[in-house]
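**Student:** From the sequence below, what's the structure:
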Amino acid sequence: MATESAARSSAPTSTTSVAKIKPALLRYRVLAWTTGLWLLLLTAEMIAKYGFDVHTPNWIAVVHGWVYFIYLLVTADLAVKVRWPILRTVGTLIAGTIPLLSFFVEHVNANKVKQDFDL
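**Tutor:** I've put the predicted structure just below:
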């Protein structure tokens with residue numbers, strides 16, 4: 001409890017800060033889901049290609065790579081705005097590389113940011 005109250009007291013509560021956090025959170029959530037979906041598609045493509053020797057399009061990996069890059073940028077932006085600790089930030093960044101994990105991490109992070117900043 002003391003940690004939560006300390007985190008809340010260090011969190012910016014001004015209208016300007018909340019006005020910047022809300023769109024950053026939305027960008028993060030959209031990119032977390034988009035990255036997760038493209039990663040699932042890439043995983044299915046790899047299973048089909050290497051497990052069943054099915055010819056698959058090469059552009060799926062490229063699209064996922066670019067979407068993941070944008071995910072890294074918007075996650076870093078949100079992390080700076082809400083002042084996440086470095087381990088939470090790195091863990092969130094890595095979540096986009098493990099199938100299904102980005103959905104869970106996005107849910108947990110979004111709820112925490114909404115709770116901390118009364119969004």
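**Student:** By residue count, what's the longest helix in the chain?
**Tutor:** For the chain, the longest helix by residue count, based on DSSP state H, is helix 15-46.
**Student:** What residues of it count as buried?
**Tutor:** Neighbour-count burial for helix 15-46 flags 20-21, 24-25, 27-29, 31-32, 34-36, 38-39, 42, 45 (criterion: 16 or more other Cβ atoms under 10 Å). Heads up, the C-betas are built off the backbone N, CA and C, glycines and all.
**Student:** Equivalent analysis for stretch 95-105, please.
**Tutor:** Applying 16+ other Cβ under 10 Å to stretch 95-105 flags 95, 96, 101, 102, 103, 105 as buried.
**Student:** So which of the residues you listed belong to helices?
**Tutor:** Judged by DSSP H, the subset of the buried residues of stretch 95-105 located in helices is 101, 102, 103, 105.
**Student:** what's the closest of these to residue 73?
**Tutor:** Nearest to residue 73 among those, counting by Cβ to Cβ, is residue 102 at 14.9 Å.
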